[in-house]
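Chemist: show me how the following folds:
(one chain, ligands or ions: 3)
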Amino acid sequence: MFRTWGVARQQSTCRCCTTTSLRHAAARRAASAVTAATTTTTTTTTTTTRTSDLRRVGMAVRLRSARSACSAGVASFHTHRQLQQQQPAEGSRVGAAVVSAALKELEAALGKQAVTTATAVRDQHSHDESFHAPHLPDAVVYPTSVEQVSAVAQVCHQHRVPMIPFGTGTGLESGVSAPSGGVCIDLSKMDAIVDVNTEDATCTVQPGVTRKSLNAHLRDTGLWFPIDPGADASLCGMCATGASGTVAVRYGTMRDNVLNLQVVMADGQIMHTAGPKGRAPKSSAGLNLTHLLIGSEGTLGIITAATLKLQGQPEHVASAVCAFDSVEQASQTAAQIIQCNIPVARMELLDAGMMKAFNTFKKTTEYVEKPHLFLEFHGFSASSLDEQISFAQELAADNGGDAFAHAHDIETRNKLWEARHNAWYAALSLRPGAKGYSTDVCVPISQLPAMVHHATHEVHRLNLTAPIAGHVGDGNFHCITVFDANDRDEVQRVHDLSASLARKAIDLGGTCTGEHGVGVGKREFLTAEFGAPAIAAMHAIKHALDPYNLLNPGKLYPQS
Ligand SMILES: Cc1cc2c(cc1C)N(C[C@H](O)[C@H](O)[C@H](O)COP(=O)(O)OP(=O)(O)OC[C@H]1O[C@@H](n3cnc4c(N)ncnc43)[C@H](O)[C@@H]1O)c1[nH]c(=O)[nH]c(=O)c1N2
Ligand SMILES: CC(=O)C(=O)O
Ligand SMILES: [Mn+2]
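Modeler: Ligands and ions are numbered 1, 2, ... in the order given. Just a heads-up that it's a prediction; the model follows:
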């Protein structure tokens, strides 16, 4: 997580292959001829139309066949290590001349106003909300249609320029940084809600649509999209990271709520993971490409539309707050609530440090500074809510919890969840000027008390400021470490905490990341979690779909 990236190595003549075989050279010449033809065509075009974009797709197909002697042949017969050797060393940036040639074509395809190299804009797109080192892309483009995204991918593919999809930049594992440079594809201008089908409770959104804007649009339909990471992230960015958040305990994660994705592939082809029209609630047809893309963090394709499942807005809602003397008691209660099948809609653990952070952050709350559970219940009737609340309260009392302070009115509920959703910023406010890094382990519910116990012990041992907030109904919680990024020793201790928690979670049958994704921070734990054969399978899939490692290089896959 805290490594610097590989030292730049000499750019080889050909970025897709280190061999100098005649067959390869011929393929390159053929490809260059097509590239030149494409450049001539696009530079005479002043506005980009759907038709011209589609024409470019045709060119890319010809380009691919011209290259097939090189790429397909090489891909099928080489080992993973050999394939890796054919790609630029991780972190080596693409050359200026290559970028400049690609940018000319991008301007022709998208219009000059949609392509920028302004430092301030590149800087803004070089990082997310995490502390990880920023890496500037060479340019940022703003496509307005799937055809334009396809055109961008074709140009980048032809010139072997990395592509980094950008949603709203709220990620927590540096998924949008550009360690190899390249083109950041900012999808915010594609912000149409394409359709809402109230009879089937489905909708299709473009990648610039955020979850709050979708729910505002749905308000009068009686439907909502429940997945709620707190941040107003783009829904396609949430697909890319496999996001979840507070209501996953009741409604599932992104993986459970996406029916179909439209995806621009590395070479510009446009695919639909469940077919061009697919909206079926279930399917056993073939491989599940939708699930393959969810959590792929921009490394397998650029998501240009998502078809989502919607839920009926709950008729009755109540929230509850309960304090405990220890996090172990609180997490034991959470585990028992799940084991007793109480259908809680949210169940969040906040430790004493986090309650203190809430009280000091906006000074609008006066919580007792002890570990808490925050809960929410959804039901079809008031009596079903009462039943859930009293059963959960009984379990809490058995574990030494206070009586529930529960509320049905929307103001109290909103205030509670606003405090919870500000946990990241409240934690940061504990040390002004400090940076944040969030652990994200998730374990089977029976192992939650042991995992929470280990985390509190390790935070204490390593002498860190790291209040806990988490979605404990799913066995998932965060230690939000707040630290001085210039203090090497403290940074090392943050890393040690992250590694210790990841190892423990994996040992308990869990995962190093329940919802934030791997990005750059969790790559080092992946082999321990999955084992070498599964990691080799991931590398093979990545290579099959993106043989030149152009899609978001330097993320997700472990370095070998
Ligand atoms: C205060 C706070 C609190 C939380 C969180 C963030 C913050 C700031 N998050 C994390 C974050 O909101 C989550 O990772 C989002 O899914 C990121 O969506 P963005 O649109 O911001 O993607 P962002 O632009 O940050 O990109 C994230 C990754 O997805 C890729 N990507 C983005 N759009 C893409 C597209 N259209 N196609 C392909 N790849 C694409 C990017 O390349 C990158 O790798 C979170 N998360 C969570 O699950 N639960 C939580 O509780 C929280 N809580
Ligand atoms: C940061 C995060 O994931 C949370 O507050 O839940
Ligand atoms: Mn979270």
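
Chemist: what about the strands in the stretch 301-450 of the chain?
Modeler: Using DSSP state E, counting those that start in this stretch, the strands assigned to the stretch 301-450 of the chain run over residues 302-309, 311-312, 316-323, 344-350, 372-379, 405-407, 435-438.

Chemist: for these, give me a markdown table that also has mean neighbour count.
Modeler: Placement of C-beta: from N, CA and C, glycine included. Below are the strands of the stretch 301-450 of the chain laid out as a markdown table (neighbours: other CB atoms under 10 Å):
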| stretch | mean neighbour count |
| --- | --- |
| strand 302-309 | 25 |
| strand 311-312 | 16 |
| strand 316-323 | 21 |
| strand 344-350 | 25 |
| strand 372-379 | 24 |
| strand 405-407 | 16 |
| strand 435-438 | 22 |
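
Chemist: how does the protein divide up, domain by domain?
Modeler: 96-186, 193-312, 316-508, 523-559 (the TED database).

Chemist: between these, which gets nearest to ligand 2?
Modeler: In terms of CB to the nearest ligand atom, the element of these nearest to ligand 2 is domain 316-508, at 4.2 Å.

Chemist: now do that closest one, average pLDDT.
Modeler: Domain 316-508 comes out with an average pLDDT of 96.

Chemist: is it in proximity to ligand 2?
Modeler: Yes: legend: contact between domain 316-508 and ligand 2 by CB under 6 Å from any ligand atom is shown at 423-424, 438, 469, 478.

Chemist: L550: which of the residues you listed is nearest?
Modeler: Comparing those against L550 with CB to CB places S438 closest, at 28.9 Å.

Chemist: ok, the residue lying closest to that closest one once chain neighbours are set aside to ligand 1 distance?
Modeler: Excluding the flanking residues, the one nearest S438 by CB to CB, 6 or more residues apart in numbering is H478, at 4.5 Å. Separation of H478 from ligand 1 (CB to the nearest ligand atom, to the nearest Å): 8 Å.

Chemist: for H478, what is the enclosing helix or strand?
Modeler: According to DSSP states H and E, H478 maps onto strand 476-483.

Chemist: contacts for that strand?
Modeler: 244, 248, 349, 354, 423-424, 427-428, 430-431, 434-442, 451-452, 455, 459, 464-471, 490-491, 493-494, 497-498, 501, 514-515 (CB atoms under 8 Å, 6 or more residues apart in numbering).

Chemist: phi and psi next, for D195.
Modeler: Backbone torsions of D195, given as degrees, to the nearest 10, read phi -160, psi 160.

Chemist: bridging residues for it?
Modeler: Taking DSSP bridges as the rule, D195 bridges to T204.

Chemist: looking at it now. What's its pLDDT?
Modeler: Reported pLDDT for D195: 97.

Chemist: verify the stated contact: it with T204.
Modeler: Yes: if you go by CB atoms under 8 Å, D195 and T204 touch, sitting 5.2 Å apart.

Chemist: ok, those two, which is more surrounded?
Modeler: T204 (20 against 11; other CB atoms under 10 Å).

Chemist: could you look up the SS state of the residue in the stretch 251-400 of the chain positioned nearest to ligand 1?
Modeler: Ligand 1 sits closest to G298 of the stretch 251-400 of the chain, with a gap of 3.0 Å, by CB to the nearest ligand atom. Taking DSSP: H, G, I helix; E, B strand; the rest coil as the rule, one finds G298 in the coil state.

Chemist: burial check on it, number of neighbours?
Modeler: Here the number of neighbours of G298 (other CB under 10 Å) works out to 26.

Chemist: which residues touch it?
Modeler: Applying CB under 8 Å, 6+ apart, the residues near G298 are 164-165, 175-176, 240, 551-552, 555.

Chemist: farthest-apart pair in the residues you listed, please.
Modeler: V176 and L551 (12.7 Å).

Chemist: before we move on, back to that, beyond the strand holding H478, next helix or strand please.
Modeler: helix 488-507.

Chemist: put the alpha carbons of whichever helix or strand comes after that next one into PDB.
Modeler: Using DSSP H and E, the helix or strand that follows helix 488-507 in sequence is helix 526-530. In PDB, the C-alpha atoms belonging to helix 526-530 read as follows (Å, rounded to 0.1, in the frame of the first residue of the first chain):
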ATOM      1  CA  LEU A 526      -5.000 -10.600  -2.500                       C
ATOM      2  CA  THR A 527      -2.700 -13.600  -3.000                       C
ATOM      3  CA  ALA A 528      -3.100 -14.600   0.700                       C
ATOM      4  CA  GLU A 529      -6.900 -14.200   0.300                       C
ATOM      5  CA  PHE A 530      -7.400 -16.100  -2.900                       C
END
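
Chemist: what mean pLDDT would you report for whichever helix or strand comes after helix 526-530?
Modeler: Where DSSP H and E defines the elements, the next helix or strand beyond helix 526-530 is helix 532-545. Helix 532-545 shows a mean pLDDT of 97.

Chemist: packing partners for helix 532-545?
Modeler: Packed against helix 532-545 by the contact rule (3 or more CB pairs under 8 Å, 6 or more residues apart in numbering; DSSP states H and E) you find helix 80-85, helix 526-530.

Chemist: and the gap between D220 and V459?
Modeler: 45 Å (CB to CB, to the nearest Å).

Chemist: just want to know which of those two has more residues nearby.
Modeler: Just comparing D220 and V459: by other CB under 10 Å the higher neighbour count belongs to V459, 23 against 7.

Chemist: can you map out the helices along the stretch 301-450 of the chain?
Modeler: Remark: helices assigned in the stretch 301-450 of the chain by DSSP state H, counting those that start in this stretch are 327-339, 352-361, 382-398, 410-421, 423-428, 448-461.

Chemist: and the helix or strand encompassing K104, C-alpha only, in PDB?
Modeler: Remark: K104 resides in helix 96-110, with elements defined by DSSP H and E. What follows is helix 96-110, C-alpha atoms only, in PDB (Å, rounded to 0.1, in the frame of the first residue of the first chain):
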ATOM      1  CA  ALA A  96       5.100  12.400 -24.600                       C
ATOM      2  CA  ALA A  97       5.100  11.900 -28.400                       C
ATOM      3  CA  VAL A  98       2.600   9.000 -28.100                       C
ATOM      4  CA  VAL A  99       0.300  11.000 -25.900                       C
ATOM      5  CA  SER A 100       0.500  14.000 -28.200                       C
ATOM      6  CA  ALA A 101      -0.500  11.900 -31.200                       C
ATOM      7  CA  ALA A 102      -3.400  10.400 -29.300                       C
ATOM      8  CA  LEU A 103      -4.600  13.700 -28.100                       C
ATOM      9  CA  LYS A 104      -4.800  15.100 -31.600                       C
ATOM     10  CA  GLU A 105      -7.100  12.200 -32.500                       C
ATOM     11  CA  LEU A 106      -9.100  12.500 -29.300                       C
ATOM     12  CA  GLU A 107      -9.700  16.200 -30.100                       C
ATOM     13  CA  ALA A 108     -10.900  15.300 -33.600                       C
ATOM     14  CA  ALA A 109     -13.200  12.700 -32.200                       C
ATOM     15  CA  LEU A 110     -14.700  14.600 -29.200                       C
END
